[in-house]
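A.B. asks: I would like to see how this sequence folds:
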Amino acid sequence: MNENSIELKHVSKRYQSATKLFQSKSISPLVLKDINLTIPTGEFHVFLGQSGCGKSTLLNIIAGFLPKTSGQVLVNGHEVTKPGSDRGVVFQDAETAIFPWLTVQENIGYGMKMQHVSEKKRQPIIHHSLKLVGLEEHADKYPYELSGGMKQRVQIARSIANNPSILILDEPFGALDAQTRRIMQNELINIWEKTGKTILFVTHDIQEAAYLGQKISIFSKSPESRISITVSVDQSYPRNLYSNESEQLVNRINDYFEVGGPAK
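C.D. replies: Residues are numbered from 1 along each chain as shown. Modelled structure (predicted):
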């Protein structure tokens, strides 16, 4: 495998509105402009920025759900043109992402079933995925019997069961209460450490980014959003957000949001 899971080269994205499709002289502004980034295999990489800055758009381009306007997107050395089994995606809204008529284990095994993997081969993979996210005792429950955090665990387990090399998470804990959110953050770190997968994680929460990421790419404001800077976080896990080191990191990131760059 290429030592770089993801390579973004001069990636830009423009949404064209329906009315402007018929007005050749009117061009919508770029949502993303000239994004350049290399993410090594096995890295926990956080995309951080204000709501509407285009970070989720970039995630969807990498996932293959959206076409880029220009530039090049390589995943594991191959040009991205569509979704692929090498990329597992976890969305913010678990309510609509998992199937209410299927049990937990049926949801987790759904992708493999659609790929015609036999039940005999599916079962040990489902069991392993359940164990990774701590849902062994809830395998036969339906989504309506689960809490919000447990539904997100189902999403993560379903992605892991398909064995992607890259796990893509778009603000997956944004709707959870603070306590459940921290539990899920720790669970995700544990899964990452056990599997060695490359993780892309989108958030607008500075503390969440500081708690999770090995590297944090900070987006500028829209339109024509860019990656202003990528910050390396040289801290071991689990992290203490109240340590001097973490507070300095959070303050440093705040500087980029407030004045567009580090404090002078």
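
A.B. asks: Quick one: distance of stretch 245-253 to the chain centre.
C.D. replies: Averaged C-alpha coordinates place stretch 245-253 at 22 Å from its chain's average position (C-alpha atoms, centre = their mean, to the nearest Å).

A.B. asks: Pull the residues that contact that stretch.
C.D. replies: 48, 206-207, 209-211, 216, 218, 231, 233, 235, 239-241, 262 (C-beta atoms under 8 Å, 6 or more residues apart in numbering). C-beta: built from backbone N, CA, C; applies to glycine.

A.B. asks: now for those residues, which pair is the farthest apart?
C.D. replies: Across the contacts of stretch 245-253, the longest distance by C-beta to C-beta is 23.5 Å; it joins N240 and P262.

A.B. asks: which parts of the lowest-mean-pLDDT helix or strand in the chain are buried?
C.D. replies: Using mean pLDDT, DSSP states H and E, the weakest-scoring helix or strand in the chain turns out to be helix 94-97, at a mean of 82. In terms of neighbour count (16 or more other C-beta atoms under 10 Å), helix 94-97 has its buried residues at A94, A97.

A.B. asks: helices or strands up against that helix?
C.D. replies: Counting contacts by 3 or more C-beta pairs under 8 Å, 6 or more residues apart in numbering; DSSP states H and E, the secondary-structure elements packed against helix 94-97 are helix 148-161.

A.B. asks: name the helices or strands packed onto the helix it packs on?
C.D. replies: For helix 148-161, the packing partners by 3+ C-beta pairs under 8 Å, 6+ apart come out as strand 87-90, helix 94-97, helix 104-114, helix 119-133, strand 166-170, helix 178-195.
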